[in-house]
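Undergrad: quick one: sequence and predicted model below, then my questions.
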Amino acid sequence: GENVEQHPSTLSVQEGDSAVIKCTYSDSASNYFPWYKQELGKRPQLIIDIRSNVGEKKDQRIAVTLNKTAKHFSLHITETQPEDSAVYFCAASNGNAGNMLTFGGGTRLMVKP
Amino acid sequence: AAGVIQSPRHLIKEKRETATLKCYPIPRHDTVYWYQQGPGQDPQFLISFYEKMQSDKGSIPDRFSAQQFSDYHSELNMSSLELGDSALYFCASSPPGLAGNKQYFGPGTRLTVT
């Protein structure tokens, strides 16, 4: 089955700096890669996703890049704000309806004001 | 916008008891997923249903069963509860069509087994 590795496990940045979280996956059949933000005790919230036919996608301060050959993808957050502090999970799926998401271990991002 | 609804939000059970968790997907979503998340862990996939048929199966114990009903809501039935079943249980739903792999999570049910 799919295995997703995520690093770093914790990341502390100063407000206004950029943050980068990286993930690798093992199954070449995976073609859908979402990112979720989860605050303590709350639901995972889908913040951005990318499909394998796209190399990069951007939404305001958030961007995701995908390297299919190397089987890795990354989340970039620019101009970080204290409200960006949360746990971020990457995930991978083969993209069909009903198919599971395999999550990375999570990155705890702390943005210091 | 309407979101995924889960009930109950909190549940306390004793060992060996049974529990039923309910999930109401976003209107017009036809696929439902169940995940279990332990403290400090990533969500672990349990099972999913597409158009009321089981679609994918993960690390769901034999003590657990689930189904999706004609109105697309889903129930997760858990029997012979163990202390290790204490966790947050999330339901997610996804819409039909090209966006069918976008999974939107509900608020979760926090299950505590004592």
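TA: Everything's here; your move.

Undergrad: so residue A:83, which state does it fall into?
TA: Here residue A:83 is recorded as helix under DSSP: H, G, I helix; E, B strand; the rest coil.

Undergrad: return the residues in contact with it.
TA: By C-beta atoms under 8 Å, 6 or more residues apart in numbering or on different chains, residue A:83 lies in contact with residue A:111. Heads up, the C-betas are built off the backbone N, CA and C, glycines and all.

Undergrad: first vs last residue of stretch B:79-89, how far apart are they?
TA: Stretch B:79-89 has an end-to-end distance of 15 Å (criterion: C-alpha to C-alpha, to the nearest Å).

Undergrad: averaged pLDDT, that stretch. What do you get?
TA: Average pLDDT, stretch B:79-89: 97.

Undergrad: pLDDT score for residue 26?
TA: All of this is about chain A. Looking at residue A:26, its pLDDT is 96.

Undergrad: I was thinking of chain B, sorry if that wasn't clear
TA: 96.

Undergrad: so how far is chain A from the closest residue to it other than its chain neighbours?
TA: Using C-beta to C-beta, 6 or more residues apart in numbering or on different chains and skipping residues adjacent in sequence, the residue nearest residue B:26 is residue B:93, 5.1 Å away. Using C-beta to the nearest C-beta, to the nearest Å, residue B:93 is found at 11 Å from chain A.

Undergrad: isn't residue B:93 up against residue B:29?
TA: Yes: between residue B:93 and residue B:29 a contact is recorded at 3.9 Å, counting by C-beta atoms under 8 Å.

Undergrad: more neighbours: those two, which one.
TA: Using other C-beta atoms under 10 Å in any protein chain shown as the criterion, residue B:93 and residue B:29 rank with residue B:93 on top: 28 against 21.

Undergrad: identify the bridge partners of the more buried one.
TA: residue B:32, residue B:104 (DSSP bridges).

Undergrad: shared neighbours, residue B:93 and residue B:29?
TA: Listed as contacting both residue B:93 and residue B:29 by C-beta under 8 Å, 6+ apart are residue B:104.

Undergrad: how about the residue in chain A that chain B sits nearest to, nearest residue that isn't a chain neighbour?
TA: Here chain A gets closest to chain B at one residue, residue A:98, 2.7 Å apart by C-beta to the nearest C-beta. Setting aside the residues directly before and after it, residue A:98 is nearest to residue B:55 in space (C-beta to C-beta, 6+ apart), at 2.7 Å.

Undergrad: burial count for the one you found?
TA: Residue B:55 has 19 neighbouring residues, counting by other C-beta under 10 Å.

Undergrad: residue contacts, it?
TA: Residues counted as contacts of residue B:55 (C-beta under 8 Å, 6+ apart) are A:97, A:98, A:99, B:31, B:48, B:49.

Undergrad: quick check, the fifth one in a strand?
TA: Yes: in this structure, residue B:48 lies within a strand as judged by three-state DSSP.

Undergrad: thanks a lot, see you next time.
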